[in-house]
Each structure stands twice: as structure tokens, then as C-alpha cells.
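**Q** what shape does this take:
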Amino acid sequence: MDPEDNDDDLKQPMMPLGDLGTIAIAAIFLLGFLYLMFGPNPFEAMVKSAKSQPPPASNEVTITLPQKH
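**A** Down below sits the predicted model:
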């Protein structure tokens, strides 16, 4: 038999390291995307404080004038 004849080996061939690296980078980007989409909002405190503060007082007065017919 030829020593390079390995058709009957039980061991599966190993995936190339470049493919494993590409899959790892894709998984990292996927996890980062999911975290940014569904994770905590970093601006939540600013939005809550802006909504809870009353609008600044204004010295302007609105006057409605009657319409002439």
C-alpha cells in the first residue's frame, strides 16, 4: 500500500487556519452588533434628565388679536 493513501483514516481533515480566523472575526462582529442593538443604551441617563426638566421660563407673552371682518 502507498503510505499517502489515507482514504480509510477515521480522522477528519483539519480546517485551514485562515478559515477559522475568518469565522472568529465574523463571530466577534456578530456579537458586537447584537450588543449594540439590544444592549443597554449609553445615552439613557441624558434622555431621562432632559425629559424630566421643565422647559426654561420665557419672558415672551402671546397675544391674540381679534380678526376684522
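
**Q** give me the pLDDT for residue 28.
**A** Residue 28 is assigned a predicted lDDT (pLDDT) of 98.

**Q** the helix or strand encompassing it: how far from the chain's middle?
**A** Using DSSP states H and E, residue 28 maps to helix 17-38. Chain-centre distance of helix 17-38: 12 Å, with Cα atoms, centre = their mean, to the nearest Å.

**Q** do the same with stretch 50-64
**A** On Cα atoms, centre = their mean, the centre of stretch 50-64 falls 36 Å from the chain's centre.

**Q** can you list contacts of stretch 24-31?
**A** Stretch 24-31 is contacted by no other residue when judged by Cβ atoms under 8 Å, 6 or more residues apart in numbering. C-betas here are computed from N, CA, C, even on glycine.

**Q** what are the phi and psi values at residue 65?
**A** phi -100, psi 140 (degrees, to the nearest 10).

**Q** what's the local residue count around it?
**A** Number of residues near residue 65 (other Cβ atoms under 10 Å) recorded here: 5.

**Q** quick check: the gap between it and residue 23.
**A** 72 Å (Cβ to Cβ, to the nearest Å).

**Q** and after the helix holding residue 28, which helix or strand comes next?
**A** Next in sequence after helix 17-38, counting helices and strands by DSSP H and E, comes helix 44-52.
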